[in-house]
Each structure stands twice: as structure tokens, then as C-alpha cells.
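Trainee: take a look and give me a structure for this.
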Amino acid sequence: QVQLVESGGGLVQAGDSLRLSCAASGRTFSSYTMGWFRQAPGKERLFVAAMRVSGAQYYADSVKGRFTISRDNAKSTVILDMNNLKPDDTAVYYCAADRSLTTIPANWAYWGQGTQVTVSS
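Mentor: Predicted coordinates:
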């Protein structure tokens, strides 16, 4: 089992930056691909970014160039730095972990409880 706890969400204005953190506990963090997803009200959960054990990063087109995913294996933490936020970025953001990488939420094994990000115009 892997337990994930997100933090760092909040209310910001368009153009602002925000940093989300995800602390992991349980099995070996460094052996998991880590990802971020988001879900806006009434919409499906969507892939945002992911980082393989190798360090390779993947991003949704909608956030490419604005968001950066990073991980600290020593601290079992994954970070999502979000810059130039837009109202369309408003959603609950979820941290996820799995052995493989896919943009399909159902294929990820472990999830955090989510943290709300609200971007006002």
C-alpha cells in the first residue's frame, strides 16, 4: 500500500503561481511513477502531469510550459509547481502513484484525497 496526502491548494488570482505537494508513505516511493490529475465540477478526472522513476516528465497539452512536476525521493514527496494560473485550472487536484504510466485515471493504483485549487479571473 501507498498512502498519499496532498497539500498546498487554495484560492489565487489568474496569473498567480501555486505549489502543490504530495507526501507519500508506505512502500518504496522511489519505485513508483508519480502523477497529478485534476477534476473540475461535473467533469471527468483528467491527466495533468507525471514523472517516471527515471525522471522523465509528461504533461497535458493544457499545462505544458506552465506546470512543472518534480520529485524528492529522499523525502518521498512529489511537487507540482503551477505558474500563470488560469480560471480553467480550477479543479480538485489529485496525486497518484503506480508502477506504470498512463493518462487513464482508472489505471492508477493509489490516490490521495485531493486538494482544491480555485483560480479567480
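Trainee: ok, what's across the strand from the residue positioned nearest the centre of the chain?
Mentor: Note on the chain: the residue nearest the mean C-alpha position is residue 36, at 2.3 Å, using CA atoms, centre = their mean. Residues in a beta bridge with residue 36, per DSSP bridges, are residue 49, residue 95.
Trainee: distance of it relative to residue 111?
Mentor: For residue 36, the distance to residue 111 (CB to CB, to the nearest Å) stands at 11 Å. No exception for glycine: its C-beta is placed from N, CA and C like everyone else's.
Trainee: also residue 46?
Mentor: Counting by CB to CB - residue 46 and residue 111 are separated by 14 Å.
Trainee: more neighbours: the two, which one.
Mentor: Taking neighbours as other CB atoms under 10 Å, residue 46 and residue 111 compare with residue 111 leading, 19 against 14.
Trainee: just the C-alphas of the helix or strand harbouring residue 80, formatted as PDB.
Mentor: Assigned by DSSP states H and E, residue 80 belongs to strand 77-82. Extracted in PDB, the C-alpha atoms of strand 77-82 (Å, rounded to 0.1, in the frame of the first residue of the first chain):
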ATOM      1  CA  THR A  77       7.400  13.900  -2.000                       C
ATOM      2  CA  VAL A  78       6.200  14.900  -5.400                       C
ATOM      3  CA  ILE A  79       5.700  18.600  -6.200                       C
ATOM      4  CA  LEU A  80       3.600  20.300  -8.800                       C
ATOM      5  CA  ASP A  81       4.600  23.900  -9.500                       C
ATOM      6  CA  MET A  82       1.900  25.800 -11.300                       C
END
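Trainee: by contact count, what packs against it?
Mentor: Judged by 3 or more CB pairs under 8 Å, 6 or more residues apart in numbering; DSSP states H and E, strand 77-82 is in contact with strand 18-26, strand 33-39, strand 46-51, strand 67-72.
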